[in-house]
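Peer 1: Provide a 3D model corresponding to the input given below.
(2 chains)
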Amino acid sequence: MRDPCTSLSGLLERYFDRDVTDQEKRFVEDHLQDCQACQDELRSLEELQTLLKVPVDEAARQEDFAWVWQKIEREIQAREKPSWRESIRAWLGLFFPSRRRVLIPAVAVALLIIAITSPLFFKETPSQLDSSVVVYLESDTNNVMVYEPEKENVTVIWLFEGPDKESPT
Amino acid sequence: MKQEEVELISRCQEGDQEALREIFNQYRERVYRIAYGVVRHREDALDIVQEVFVKLFRSIGNFKGKSSFYTYLYRMAMNTAIDHVRKTKKFPTSSIDVEGGVHPSDAPETRPDRILIDRELEERVKWAMDQLPDDQRAALIFREVEGLSYQEIAEAMGCSIGTVMSRLHYGRQKMQKLLRPYVREGRKA
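Peer 2: Predicted coordinates:
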């Protein structure tokens, strides 16, 4: 490689890229006749262009694009058909135009209703499930009944003094 | 822009797939050349072509006609191709190592010498292109492969002509250095 020539500076690349005036073109061509370094540089630019361009030209020449279009068409049509999630969103969108603003309070209200009403459905029957203790004692003058619910720390005692009297203590 | 092209784009903006097909037939090869220029791999280049036209169909509404349609499309093709390279960089397929040697296992003896040399050279070019910054690589492909003028490249890349010339200059210089066995080295900066 010879020492680089600085006479043409950026002009040689512009000449190679065909971006020079007629005057500049004449100047470069005159210079090239006597300057081996610039001739080498020009050849190097040509070689690089060949390396970059020729394989692309060959690949493009051999290509058949018909099936590529079929794939594009299929992909566009597939994207036009909404998925089931998109369908549900669209359906909800019909009823709730601004979904976020309406859906969040709606879900909150629904949860509240469930929280309030669920004890009604899942309420346990104490008489069936509660294993409370009831003791009944009889004597000639008084009858006593003791009631101890299992889950509460309460004891209820009934004292029957006569046939019609009842007083919880 | 020609009136015919304006109408075609307008139809495509309204969702007319037949209009997209006409645009595809007009530009498919040029988009492929840009894609292939970047990835240097047939299947990947075809995937990029497909992606570009699907993207175009969905985003053509954004095209307001301020620039030429083909530079708009070229920019989209280049960005898609460079994104593709970024995504696949994690899984390199090149058989060339950093020093530029071909691994012995990648050179089956049954191949004719010529094919092997071409393949090695192509791998080397791909490797060298991958070493360039994206803007230099894009400028080089627009100029060397597609033959766009400085003005057209500036429009496609959204920069000044001076920037285009600078990117071309440094990109070429780096490529000459990286491809030294195949290209004589150019003048030093």
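
Peer 1: Excluding sequence neighbours, find me the nearest residue to the residue minimising distance to the centre of chain B.
Peer 2: Nearest to the mean C-alpha position of chain B, counting by C-alpha atoms, centre = their mean, stands B:Ile34 at 3.2 Å. Leaving aside its chain neighbours, B:Ile34 sits nearest to B:Ala77 (4.5 Å; criterion: C-beta to C-beta, 6 or more residues apart in numbering or on different chains). Using the backbone N, CA and C atoms, a C-beta is placed for each residue, glycine as well.

Peer 1: Helix, strand or coil: sort out the residue sitting furthest away from the middle of chain A for me.
Peer 2: Going by C-alpha atoms, centre = their mean, the residue of chain A most distant from its centre is A:Asp140, 80.8 Å out. Per DSSP: H, G, I helix; E, B strand; the rest coil, the secondary structure class of A:Asp140 is coil.

Peer 1: Which elements pack onto the lowest-mean-pLDDT helix or strand in chain B?
Peer 2: Lowest by mean pLDDT, DSSP states H and E among the helices and strands of chain B is helix B:113-131, with a mean of 82. Applying 3 or more C-beta pairs under 8 Å, 6 or more residues apart in numbering or on different chains; DSSP states H and E, we find helix B:113-131 packed against helix A:36-62, helix B:161-178.

Peer 1: B:Asp47: which of these is closest?
Peer 2: helix A:36-62 (14.0 Å; C-beta to C-beta).

Peer 1: pretty sure B:Glu155 contacts B:Ser68?
Peer 2: Yes - under the criterion of C-beta atoms under 8 Å, B:Glu155 makes contact with B:Ser68 at 6.7 Å.

Peer 1: Between these two, tell me which one has more neighbours.
Peer 2: The neighbour comparison of B:Glu155 against B:Ser68 (other C-beta atoms under 10 Å in any protein chain shown) goes to B:Glu155, with 20 against 14.

Peer 1: Give me the nearest residue to the more buried one, chain neighbours excluded.
Peer 2: B:Glu155 sits nearest to B:Thr71 (C-beta to C-beta, 6+ apart), 4.4 Å away.

Peer 1: next one: A:Cys38
Peer 2: A:Cys38 sits nearest to A:Cys5 (C-beta to C-beta, 6+ apart), 5.1 Å away.

Peer 1: which residues sit in contact with residue 146?
Peer 2: You didn't say which chain, so I picked chain A. A:133-137, A:155-158 (C-beta atoms under 8 Å, 6 or more residues apart in numbering or on different chains).

Peer 1: hm, I was asking about chain B
Peer 2: B:30, B:33-34, B:37, B:74.

Peer 1: Distance of it relative to B:Ile153?
Peer 2: Distance, B:Glu146 to B:Ile153, by C-beta to C-beta, to the nearest Å: 9 Å.

Peer 1: since we're on B:Ile48, how many residues are nearby?
Peer 2: 26.

Peer 1: any idea what sits nearest it, other than its immediate chain neighbours?
Peer 2: Per C-beta to C-beta, 6+ apart, closest to B:Ile48 is B:Ala35, 3.8 Å.

Peer 1: what element comes up after the helix or strand containing the one you found heading to the C-terminus?
Peer 2: B:Ala35 is part of helix B:17-39 when elements are defined by DSSP states H and E. Downstream of helix B:17-39, the next assigned helix or strand under DSSP H and E is helix B:42-59.

Peer 1: and which of the contacts of A:Val146 is nearest chain B?
Peer 2: A:Val133 (73.7 Å; C-beta to the nearest C-beta).

Peer 1: remind me which residues of chain A are low pLDDT?
Peer 2: A:1-4, A:81-87, A:89-103, A:121-133, A:150-152, A:162-169 (pLDDT under 70).

Peer 1: Tell me where it has strands.
Peer 2: Here chain A has its strands, by DSSP state E, at A:133-138, A:143-148, A:156-160, A:167-168.

Peer 1: okay, the ones you listed in a markdown table with distance to A:Lys25 next?
Peer 2: Listed next are the strands of chain A as a markdown table, based on distance: least, C-beta to C-beta, whole Å:
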| stretch | distance to A:Lys25 |
| --- | --- |
| strand A:133-138 | 117 |
| strand A:143-148 | 116 |
| strand A:156-160 | 118 |
| strand A:167-168 | 122 |
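
Peer 1: what's the closest of those strands to A:Ala37?
Peer 2: strand A:143-148 (114.1 Å).

Peer 1: Just give the number of residues close to the closest residue to B:Tyr70 other than its chain neighbours.
Peer 2: Using C-beta to C-beta, 6+ apart and skipping residues adjacent in sequence, the residue nearest B:Tyr70 is B:Tyr27, 6.9 Å away. By the criterion of other C-beta under 10 Å, B:Tyr27 has 19 neighbours.

Peer 1: so what's B:Leu87 up against?
Peer 2: Careful, residue B:87 is Lys and not Leu. By C-beta under 8 Å, 6+ apart, B:Lys87 has no neighbours at all.

Peer 1: Please, which helix or strand holds it?
Peer 2: helix B:69-88.

Peer 1: Return the distance of that helix from the chain's centre.
Peer 2: 7 Å (C-alpha atoms, centre = their mean, to the nearest Å).

Peer 1: Excluding covalently adjacent residues, which one is nearest to A:Asp57?
Peer 2: Counting by C-beta to C-beta, 6+ apart, the residue nearest A:Asp57 is B:Arg33, at 8.0 Å.

Peer 1: Now do the same contact list for the one you found.
Peer 2: Here B:Arg33 is in contact with A:56-57, A:60, B:145-146 (criterion: C-beta under 8 Å, 6+ apart).
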